[in-house]
Every structure is written in structure tokens, then in C-alpha cells.
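S.K.: what would the 3D arrangement of this be:
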Amino acid sequence: MIIIEIMPLITLFSAPKPFTDPHVALIQRNAITSWTLLPDVEVILLGEEEGLAGAARELGVKHIPHVERNANGVPLISSMFQLARENSSGDLLCIINADMILMNDFVEAVMESDRLLSKKRKQASLIQNFVLVSQRWDYDITSPLDFTEGWESRLRESVRKQNQLHRPAGSDFFLFPKSCYAEIPNFTIGRAGWDNWMIYKARKENWAVIDCTPSLMIVHQNHDYSHLPDGKPHYEHPETNENIRLAGGRANIRYTILDATHQLVDGKLSRPKTTSARLTRKLELFLRMIFFFLPENVVENIARPKRWQKRFKNLFK
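M.R.: Residues are numbered from 1 along each chain as shown. So this is what the prediction gives:
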């Protein structure tokens, strides 16, 4: 009897937080369990955080403990990418936050995007590389998910009732071919800036940046910031400033899902519809190009005029 091993299409990789906080442990188990239920997917968990090895065994996924860290012991994105690339079986890699619930439409969107891009490649020598992104739905949850039959439909209905589609500034996963992102700066995970750089890098290299928001629902389980130093959001920490420096400055961490080149809508890849937010973003990029010769802090103030509005209001408080 010949046994044929089917290689997974997608390798999901993540560096979860310690499983010591009951709510964090709960939402991470919810998320990782949802990943294990997807077809054509393998999961790699990275790091030495307390409880991680046990959770990986419990959920039946790969665990790689030895990830390079910064001086404060926080995992580095560059090491995560290297380990995922070296230990993955799939042709597509996906870095994802460990609090994100995925459903079958995630794999469907990936396969549909890959099919459509392959068709475009045959028609012309275009779009050799790509990255998939999506806005998330924020969701309040305090109990383990029931993964029995019909769980996706129940979850979708509950998420839509809460109606918390996150703004385009946040990106919680990036899916891309192994050939992409071969070199990554030593960004610190869990701090701001590196995710915006991912979109900047894709645009700079002329890769397709595909916004899958219209075609899938990814669910972020809300949590506090007690796991971070002083309980402050990640954008208030010194390591965020280091991420910004490594990214090449603030202009490179302004990139968001609004900078996507395509959207996956109804089984087709199309250019994103023009909105006021996208028009504002195009104006910002134009101003940065025109005033490239000025110091970055000056260009920042010119390109993002809302900063001046806030300062003006503060004068009269």
C-alpha cells in the first residue's frame, strides 16, 4: 500500500503570548483551534512563553521554541520569518496574531486570489508576487468557543450583531509566497510599525497587495494590554520607536490597507473603489513626493494636516 502525503498549501505561524493570563489563554486557544480546523493548513507556534509548549501539544501543532529576541526578551520578526520558512511545508506563508479566529472563507479567499493571479500571469508577465491582507472584526468574548457543527454560522451572526469592523489601519495577518520578504529588519513583535512596513515593502517592490475584506471575515478577540509593560498600548513603547527607525522612518509606517492595489470581491480581483479615505491617502503620498527634500518631521506635518488641527484645538483648551 502506497501512502501519499499531501503537503499543506498554507503555513500559519505565530508567536503567542504567555498562557498565564486566563483570558489571554482562552482567546489564544480559541484562535489556534480555529486554525487547526482549516483544510490545507499547517500551524507553527514560535517561542518559549510559559504554557506555549503544552498548548502546542494539546492542540496538535508544531512548536519551535528557539526564537531570537531583543534585549528585553521580545521575539524578533526576522527570526520568526526565518524559522517559518525553514520549517514550513506549504508554498504560502502567513504570519498571524494569536488572537485571530479564522474560518473556511480564509482558505477559499487565498485559493481564489492565487487562481486569479495565476491567470493574470499567463496573460502577461505581471504580478509575480503578492500579499493578502484584510480588515478584522473586533469581538468581545469571555468563554471558549463551541466548535461543534455550525460554529462558523453562529460566530458570524454574533460578530455581526456586535458590528465592530476595525478601521483599515490595523493588519493582523499577512499571507505571501515563500519568495517574498526574504529579508526582514529586526522588528520587535507586538509593537507598532512593522505591520505597516509590510505593506510599504510590498508596494515598493510592485507586488500585488490584495484586500480580502469583502470576501472573508477574520475575528479579533478583544483584550486589554496588561501583558505589555505598564499596561500601555504598543504604540507608546520605546520598542515601537525602534521599529519605526528600522522601517526607515514614519513615512514608511503610514501604509495601511488603504494602500492595497486590489480587492477580492465576488470572485474577482478589482481595483479598490474610490473613497474619501483613499483620496486623502493619495493626497498624502503626493505631498510626500513633492516635499521629499524637507526634513521628515516637516513633511510629516505637511502631509498629515490633522496634526495641525489637533494642535490648534489644544491652544484653546
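
S.K.: for the stretch 1-150 of the chain, which segments count as strands?
M.R.: For the stretch 1-150 of the chain, the strands defined by DSSP state E, counting those that start in this stretch occupy 10-14, 41-46, 62-64, 92-96, 100-101, 130-133, 137-139.

S.K.: let me have those in TSV, extended by mean neighbour count, mean pLDDT and distance to residue 252.
M.R.: Placement of C-beta: from N, CA and C, glycine included. Formatted as TSV, these follow (neighbours: other CB atoms under 10 Å; pLDDT from 0 to 100; distance: least, CB to CB, whole Å):
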stretch	mean neighbour count	mean pLDDT	distance to residue 252
strand 10-14	25	97	24
strand 41-46	22	97	25
strand 62-64	17	97	29
strand 92-96	23	97	18
strand 100-101	24	98	24
strand 130-133	24	96	15
strand 137-139	19	96	26
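
S.K.: Serialize the ones you listed to TSV and add fields for distance to residue 282.
M.R.: TSV is the format used below for these (distance: least, CB to CB, whole Å):
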stretch	distance to residue 282
strand 10-14	32
strand 41-46	36
strand 62-64	41
strand 92-96	28
strand 100-101	29
strand 130-133	18
strand 137-139	26
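
S.K.: what's the closest of those strands to residue 173?
M.R.: strand 92-96 (4.0 Å; CB to CB).

S.K.: so where do the helices sit in this protein?
M.R.: 22-36, 52-59, 77-87, 104-123, 151-162, 194-204, 238-247, 276-290, 296-303, 306-314 (DSSP state H).

S.K.: and the first one, how far out from the chain middle?
M.R.: A distance of 17 Å separates the centroid of the chain from that of helix 22-36, by CA atoms, centre = their mean, to the nearest Å.

S.K.: mind giving me the packing neighbours of it?
M.R.: strand 41-46, helix 52-59, strand 100-101, strand 219-221 (3 or more CB pairs under 8 Å, 6 or more residues apart in numbering; DSSP states H and E).

S.K.: and the contacts of it?
M.R.: By CB atoms under 8 Å, 6 or more residues apart in numbering, the residues outside helix 22-36 that reach it are 12, 14, 16-19, 41, 43, 45, 51, 55, 59-61, 96, 98-103, 141-145, 147, 221, 223, 227.
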